[in-house]
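Student: Give me coordinates for this.
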Amino acid sequence: MLRQLKKLVRYLLGKTSELGDLDTKVLLLTKVILDIHRKKNSTAFVMTPLFSLNPIHAIDRDNALEATRKRAGELMKIKDRLMKEKNITREILAEYLPSVSWIKVVKEREGSYISYEGNGRLAAMQQVFTPEDGIMVEVEEYSFRKPAKIIRRMNRVRRMNGLIGKK
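Tutor: All right, here's what the predicted structure looks like:
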């Protein structure tokens, strides 16, 4: 438990540059992430199609847009290799798109995941590749005994960010 708490504190400290952008949707996102870590049943690394991954929030701040552009540029350098391999593993992510954590997701339904960590990296990959490319990405999936409440909250954040329509 202490190790998980330390990881969470490191994650939150890594987000301090975003404090100036605090608003209701950021506060709800923070609450959702805390709930995910607190209520998870298990985690596992899985390979999933790139375009089955849906971000929990928009990439719309200047610093995030710039980071996404740089990441897309790094991917372009190895695009031919990735098109042949069809897999973007944790090792490739760590080497070319380093971050403090893996791309973390919750399965919304079969063939659809909501990414709550790694959305800038996800945006960069989805800029460089198309659904037809068939690229698979290794992500860390968080599982729950009863995921409905978490998924509902995640989709509320997505609605607040204009990523899905109003109910």
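
Student: Tell me where this protein has helices.
Tutor: 2-14, 24-39, 62-77, 79-85, 90-96, 119-128, 148-160 (DSSP state H).

Student: Can I get the ones you listed in TSV including mean neighbour count, distance to Ile56 and mean pLDDT?
Tutor: For every residue, glycine as well, the C-beta is placed using N, CA and C. What follows is those, written out as TSV (neighbours: other CB atoms under 10 Å; distance: least, CB to CB, whole Å; pLDDT from 0 to 100):
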stretch	mean neighbour count	distance to Ile56	mean pLDDT
helix 2-14	11	14	67
helix 24-39	15	7	90
helix 62-77	14	13	95
helix 79-85	12	24	97
helix 90-96	14	18	96
helix 119-128	22	7	97
helix 148-160	17	5	94
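
Student: Would you reformat those helices as TSV and include distance to Phe45?
Tutor: Below are the helices of the chain laid out as TSV (distance: least, CB to CB, whole Å):
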stretch	distance to Phe45
helix 2-14	16
helix 24-39	16
helix 62-77	20
helix 79-85	17
helix 90-96	7
helix 119-128	15
helix 148-160	19
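
Student: closest to Ser112 out of those helices?
Tutor: Closest to Ser112 of the helices of the chain, according to CB to CB: helix 148-160, at 10.0 Å.

Student: circling back to that earlier point, out of the helices of the chain, nearest to Leu50?
Tutor: That would be helix 119-128 among the helices of the chain, by CB to CB, at 5.6 Å.

Student: any idea how far that closest one is from the chain center?
Tutor: 9 Å (CA atoms, centre = their mean, to the nearest Å).

Student: Outside of it itself, list whatever touches it.
Tutor: In this structure, residues lying in contact with helix 119-128 by CB atoms under 8 Å, 6 or more residues apart in numbering are 50-51, 53, 55-57, 59, 64, 67-69, 71-72, 74-76, 79, 88, 93, 97, 99, 103, 115, 135, 137.

Student: ok, now with 6 Å
Tutor: 50, 53, 55, 59, 64, 67-68, 71-72, 75, 97, 115 (CB atoms under 6 Å, 6 or more residues apart in numbering).

Student: how about these in a markdown table, adding distance to Ile164?
Tutor: As requested, the contacts of helix 119-128 are exported to a markdown table (distance: CB to CB, whole Å):
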| residue | distance to Ile164 |
| --- | --- |
| Leu50 | 19 |
| Leu53 | 14 |
| Pro55 | 11 |
| Ile59 | 16 |
| Ala64 | 20 |
| Ala67 | 24 |
| Thr68 | 20 |
| Arg71 | 24 |
| Ala72 | 24 |
| Leu75 | 26 |
| Leu97 | 25 |
| Ser115 | 14 |
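
Student: measure Gly134 to Leu65 for me?
Tutor: 27 Å (CB to CB, to the nearest Å).
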